[in-house]
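[1] the following block contains a protein sequence and its predicted model.
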Amino acid sequence: MHIVMASSEAIPFAKTGGLADVVGTLPIELCHLGHACSVFLPAYKSAKQYWSERPEVKVHQAVASLVVDLAGYPVHAWIHRVNLPGSRVDYYLVDQPMFYDRDGIYGDSHGAFGDNCARYCFFSRAVAQAIERLAIPLDIIHCHDWQTGLIPAYHRTQTDHHSWYRRSASVMTIHNMAYQGRFWGPDMILTGMDQGYFHWESMEYYGDLNLLKTGIAFADALTTVSPTYAKEIQSHPQGYGLEGLLSARRDRLFGIVNGIDTSVWNPQTDSNLSFHYSLENWAQGKAACKRSLQESLGLPVRPDVPLIGIVGRLAEQKGWDLILQLMRWWIDHRDVQWVILGSGEQRFADALFQLAQQRPDRVSLQTTFSDPLAHRIEAGADLFLMPSLYEPCGLNQLYSLRYGAVPVVRSTGGLADTVCDATPENIEQGIATGFVFDDYTPEALAQATIRALEIYSQSPQLWSKIVAAGMSQDWSWSKSTKDMLEVYEQARQFAKNDQRLDS
Ligand code: ADP
């Protein structure tokens, strides 16, 4: 199969969260299985910087140049083809400096960019044109999140029998229902779609244009990033207003857990670590990585103290209000160290900063985005907290399992699907991998963390069993890629049944 992906993020070009990891890795896995894969991305400043600093990256400038009519204004797009060393994936970067040559991907310190609707309508429309212009022989167009929600709409409404629309099926992956790309109604003109589609069954949501809804309404098949999240988004509150549409299309909605890139997230080879380890010598490896983490962050170097790691966006979704309450309760009373890495909302940064100032011997806080530090925290932490309000999939708990940092998670979305609670029976059977709680309250988080801390300090053998069970699991892309290929087949079948696809 030839799969074309369109996304607003992919490592190594641009990343704000898990979407970039997924779109960075899945195409490579598809190529390993013998499929062909191309990825379209905006040519952000960060992307250009990436390739300009690396002569080994091959860039073919302007392999196509086209014009998008954006509300009556002709706007040029230059498509650059980029090839990374050792990779068979073709990356097509859509260049328009007016939209993408800035710091930040979706916004800056003043908030979201005011022209995001234009930026991503332009991107989606340029992708649709570029596929045709470059004559890419695709079977599947796979779109990710609201930024590319317009593409399935073109795909579905095009009637030209000779175009790529008749040869391929569309798949839309929802990474997070909370981000829908909702803009005021008059922005409909930027989409280039007939005004007739601006109604509640397709592109309109209470008078606004909704680009995620557009993708959900038009795609041949839908996926989201875990089976539990696929169920949760069909009802309130996780559907964020689109639960009715998702429930109506549930026969086309599939939940597939994201995989992790095990070439990057591997404690045996991770270049960010001072000591490499595997299941065989994890205790020794973790002790060494913990010492180096404590040293580098200025925390007291103590092997005995439990070290709690947290990495994530400073956003309400990640459960920071629970974490902050727990920290306030414990800060002077419990002998634990907190190592926190998170960037995002200032209110959370300020509250965490106060705690770090109060007890610098117990709390280390970094409010930057640092991939190397994220790796070192996973390696050095004994426990890893993810008390999310909701979590479509979550990658950090998967990294934690692999690095022997036992996850303490709330039972929601992908966390519920990937972490098995350390009940006495589960530990006995060797299937317990972490600590899971239900209620979204600081008390419930405290109870789960206390359960973990008690086993950690009182029953090292049981702790080893939990760590070993987590480290032995395989959360690589190999299974998820096969599941995704089945969805691609299904999508083609749906399109054929709808008599849209040439057989
Ligand atoms: P989400 O996509 O909702 O942000 P995920 O757990 O799916 O959450 O993925 C988050 C990704 O971003 C992980 O790879 C995580 O390590 C990384 N990450 C988040 N915040 C930071 C940060 N401040 N520094 C480095 N990496 C971060």
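    Yes, it's here.
[2] how much space between the closest residue to P137 other than its chain neighbours and the ligand?
    Using C-beta to C-beta, 6 or more residues apart in numbering and skipping the chain neighbours, the partner closest in space to P137 is H2 (5.4 Å). Every residue, glycine included, has its C-beta placed from N, CA and C. H2 sits 27 Å away from the ligand, going by C-beta to the nearest ligand atom, to the nearest Å.
[3] now swap in V408 and tell me
    15 Å.
[4] grab the nearest non-local neighbour of that residue.
    F435 (4.5 Å).
[5] from the contact counts, what lies against the host helix or strand of that neighbour?
    Applying DSSP states H and E as the criterion places F435 in strand 435-437. If you count contacts as 3 or more C-beta pairs under 8 Å, 6 or more residues apart in numbering; DSSP states H and E, strand 435-437 packs onto strand 406-410, helix 442-458.
[6] contact partners of it?
    Residues outside strand 435-437 that contact it (C-beta atoms under 8 Å, 6 or more residues apart in numbering): 387, 406-411, 415-416, 419-422, 444-445, 447-449, 451-452.
[7] now the residue of the stretch 51-200 of the chain at minimum distance from the ligand: how far from V301?
    Among all residues of the stretch 51-200 of the chain, N176 sits closest to the ligand, at 6.3 Å; criterion: C-beta to the nearest ligand atom. Here the criterion is C-beta to C-beta, to the nearest Å. By it, N176 lies 38 Å from V301.
[8] neighbour count winner among those two?
    Taking neighbours as other C-beta atoms under 10 Å, N176 and V301 compare with N176 leading, 23 against 12.
[9] that one and D145 touch, don't they?
    Yes. Applying C-beta atoms under 8 Å, one finds N176 in contact with D145, separated by 7.3 Å.
[10] now for the closest residue in space to T441 that isn't next to it in sequence: which residues touch it?
    Leaving aside its sequence neighbours, T441 sits nearest to L322 (C-beta to C-beta, 6+ apart; 7.2 Å). Neighbour list for L322: P387, Y440, T441, P442, L445 [criterion: C-beta under 8 Å, 6+ apart].
[11] now do R250
    Q234.
[12] so how far is the ligand from it?
    As judged by C-beta to the nearest ligand atom, R250 and the ligand stand 23 Å apart.
[13] pop the domain breakdown of this structure in here.
    As assigned by automatic domain parsing, the chain contains the domains 2-259+478-497, 282-474.
[14] now tabulate the helices and strands packed on strand 435-437 in JSON lines and tack on mean pLDDT, distance to H155 and mean neighbour count.
    Output for the helices and strands packed on strand 435-437, formatted as JSON lines (pLDDT from 0 to 100; distance: least, C-beta to C-beta, whole Å; neighbours: other C-beta atoms under 10 Å):
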{"stretch": "strand 406-410", "mean pLDDT": "98", "distance to H155": "37", "mean neighbour count": "27"}
{"stretch": "helix 442-458", "mean pLDDT": "98", "distance to H155": "44", "mean neighbour count": "17"}
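[15] quick one: which of these is nearest D332?
    helix 442-458 (15.1 Å; C-beta to C-beta).
[16] what distance separates that closest one from the centre of its chain?
    Helix 442-458 has its average C-alpha position 28 Å from the chain's average C-alpha position, going by C-alpha atoms, centre = their mean, to the nearest Å.
[17] repeat that for stretch 235-247.
    With C-alpha atoms, centre = their mean, you get 20 Å for stretch 235-247.
[18] got a list of what the closest residue to S124 other than its chain neighbours touches?
    Spatial nearest neighbour of S124, excluding adjacent residues (C-beta to C-beta, 6+ apart): L150 at 3.9 Å. L150 sits next to Y120, C121, S124, R125, T191, M193, L211, T214, G215 when contact means C-beta under 8 Å, 6+ apart.
[19] do you know the pLDDT at L150?
    On pLDDT, L150 comes in at 98.
[20] that older thread, what about the residue nearest to V408, distance to E454?
    In terms of C-beta to C-beta, F435 sits 10 Å off from E454.
[21] ok, and the closest non-adjacent residue to L30?
    Closest residue in space to L30, ignoring its immediate chain neighbours: C37 at 4.7 Å, by C-beta to C-beta, 6+ apart.
[22] next, the one you found: secondary structure please.
    Following DSSP: H, G, I helix; E, B strand; the rest coil, the label given to C37 is strand.
[23] for it, name its beta-bridge partners.
    For C37, the beta-bridge partners under DSSP bridges are I3.
[24] so it makes contact with M5?
    Yes. Using C-beta under 8 Å, C37 is in contact with M5, at 6.9 Å.
[25] now list whatever residues contact both of those two.
    With C-beta under 8 Å, 6+ apart as the test, C37 and M5 both reach P27.
[26] got the residues of this structure near the ligand?
    Residues of the chain lying close to the ligand by C-beta under 6 Å from any ligand atom are 17-18, 21, 311-313, 341-343, 369-371, 374, 393-396.
[27] which among these count as buried?
    By neighbour count, with 16 or more other C-beta atoms under 10 Å, the residues of the chain next to the ligand hold 18, 21, 311-313, 341-343, 374, 393-396 as buried.
[28] dump those to JSON lines, plus secondary structure and pLDDT.
    Formatted as JSON lines, these follow (DSSP: H, G, I helix; E, B strand; the rest coil; pLDDT from 0 to 100):
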{"residue": "G18", "secondary structure": "helix", "pLDDT": "87"}
{"residue": "D21", "secondary structure": "helix", "pLDDT": "91"}
{"residue": "V311", "secondary structure": "strand", "pLDDT": "98"}
{"residue": "G312", "secondary structure": "coil", "pLDDT": "95"}
{"residue": "R313", "secondary structure": "coil", "pLDDT": "93"}
{"residue": "L341", "secondary structure": "strand", "pLDDT": "98"}
{"residue": "G342", "secondary structure": "coil", "pLDDT": "97"}
{"residue": "S343", "secondary structure": "coil", "pLDDT": "93"}
{"residue": "A374", "secondary structure": "helix", "pLDDT": "97"}
{"residue": "C393", "secondary structure": "coil", "pLDDT": "97"}
{"residue": "G394", "secondary structure": "coil", "pLDDT": "96"}
{"residue": "L395", "secondary structure": "coil", "pLDDT": "94"}
{"residue": "N396", "secondary structure": "helix", "pLDDT": "96"}
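[29] closest to the ligand out of these?
    G18 (2.6 Å).
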